[in-house]
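Novice: pasting a predicted model and its sequence here:
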Amino acid sequence: MPELPDVEIFKQYLESTALNKEIEKVEVPGRELLENVSASAVKKALRGGYFSSARRHGKYLFIQAGKGRWLVLHFGMTGFLKYFKRDDSRPGHPRLLIHFTNGFQLALDNQRKFGKITLSEDPASFIEERELGPDALQVDPAYFRKKFGTSRARLKPALMNQKYLAGIGNVYSDEILFQAGLHPWTTSRDLGERDMKNLLVQTGRVLEQAIESRADPGRMPASFIIPHRHGDGQCPGCGGALRKERIGGRTAFYCPQCQRKK
DNA sequence: AGTACCACCTGACGGC
DNA sequence: TGCCGTCAGGTGGTAC
């Protein structure tokens, strides 16, 4: 479930492996993931060039391959990057393979084909076209207060709405609400000033701590609910049983004891 | 505007 | 052992 922290880790991984290496060949075994672009256009855009930088917005990764030339990746539910040399370390479901002249390859692996691959001349216009909200780590408090202070949506679907904030999905929305002590069913605009402020603070805190933990539940702080998001998980705060419930079409986990309804 | 539901896709898992 | 239904969850569409 790559959400903002996971994609940030992919970005760092890419930056530490695949930048400034000449691209020799490009394969697109997963044409189904291509969006508004042909495989030959992707090959033509990348072959002979090199990746010079990467940017992330929400769950999207933008990789620059020249002036006005960006490779855009979305990881869907199961996507990840792998930089490798030997064929026996090639991941199981490569959908895009970039061969470098140094003998290494970068794979976008995506078991369930919910990811996307496309090209863009400019990340900013891509973000605008998709109507993505600001990155969840770069939110102006006034914007946040306005969006969440007027929305009639429940808190959980509101946090997951990419038009409000970009980057939060099912798992991290649970964590943010848990850290903020807010009930997922609470109507967004019913929040008081204090809770509203706290929600924004916790959003940043949770995402930053998740990145520090390398988006790995095993490394997250003991106070996090994420490692307990399963059948009979217990609240890391009060030890009570977590509740599992369908909210906005997603499976939510929360602590009915620690997360009060407003 | 918000919600509910479906489809996309593949693999894991539980029940029988 | 093996078949079948269900679940996982990001996005995007439709209908209400």
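Specialist: Yes, it's here.

Novice: for A:Arg260, give me its contacts.
Specialist: Neighbouring residues of A:Arg260 by CB atoms under 8 Å, 6 or more residues apart in numbering: A:Gly181, A:Leu182, A:His183. For the C-beta atoms, the positions are set from N, CA and C on the backbone; glycine is no exception.

Novice: so what's it bridging to?
Specialist: Assessed by DSSP bridges, A:Arg260 has beta-bridge partners A:Leu182.

Novice: same check on A:Leu34?
Specialist: Applying DSSP bridges to A:Leu34 gives these bridge partners: A:Ile117.

Novice: count of neighbours near it?
Specialist: Counted with other CB atoms under 10 Å, residues neighbouring A:Leu34 total 18.

Novice: secondary structure class for A:Ala41?
Specialist: Following DSSP: H, G, I helix; E, B strand; the rest coil, A:Ala41 is assigned to helix.

Novice: any low-confidence regions in the stretch 101-250 of chain A?
Specialist: Judged against pLDDT under 70, the stretch 101-250 of chain A has no low-scoring part.

Novice: flag every residue of it that's near DNA strand C.
Specialist: Contact residues, the stretch 101-250 of chain A versus DNA strand C (CB under 7 Å from any atom of the strand): A:Arg112, A:Phe114, A:Arg130, A:Met160, A:Gln162, A:Gly169, A:Asn170, A:Val171, A:Arg229, A:Lys244, A:Gly249, A:Arg250.

Novice: swap the cut-off to 6 Å and go again
Specialist: Of all the residues in the stretch 101-250 of chain A, those in contact range of DNA strand C (CB under 6 Å from any atom of the strand) are A:Arg112, A:Phe114, A:Gln162, A:Gly169, A:Asn170, A:Val171, A:Arg250.

Novice: from A:Met196, how far out is the fourth one?
Specialist: Between A:Gly169 and A:Met196 the distance is 21 Å, computed by CB to CB, to the nearest Å.

Novice: in the stretch 101-250 of chain A, which spans are strands?
Specialist: Using DSSP state E, counting those that start in this stretch, the strands of the stretch 101-250 of chain A run over A:105-110, A:116-120, A:243-247, A:250-254.

Novice: go through those and pick out the most buried.
Specialist: strand A:105-110 (a mean of 24; mean count of other CB atoms under 10 Å).

Novice: show me which residues of the stretch 1-150 of chain A sit near DNA strand B.
Specialist: Within the stretch 1-150 of chain A, the positions near DNA strand B by CB under 6 Å from any atom of the strand are A:Gln111, A:Arg112, A:Lys113, A:Phe114.

Novice: buried subset of those residues?
Specialist: Buried by 16 or more other CB atoms under 10 Å: nothing, out of those.

Novice: out of those, flag the one nearest to A:Gly49.
Specialist: The closest of these to A:Gly49 turns out to be A:Lys113 (CB to CB; 26.4 Å).

Novice: who touches the residue of the stretch 1-150 of chain A at minimum distance from DNA strand B in this structure?
Specialist: Among all residues of the stretch 1-150 of chain A, A:Arg112 sits closest to DNA strand B, at 3.3 Å; criterion: CB to the nearest atom of the strand. Listed by CB under 8 Å, 6+ apart, the contact set of A:Arg112 reads A:Gly76, A:Met77, A:Thr78.

Novice: put the buried members of these into a ChimeraX selection.
Specialist: Selection of buried members from those for ChimeraX, criterion 16+ other CB under 10 Å:
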select /A:76
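
Novice: tell me how chain A divides into domains.
Specialist: Using automatic domain parsing, the domain ranges for chain A come out as A:4-129, A:141-254.
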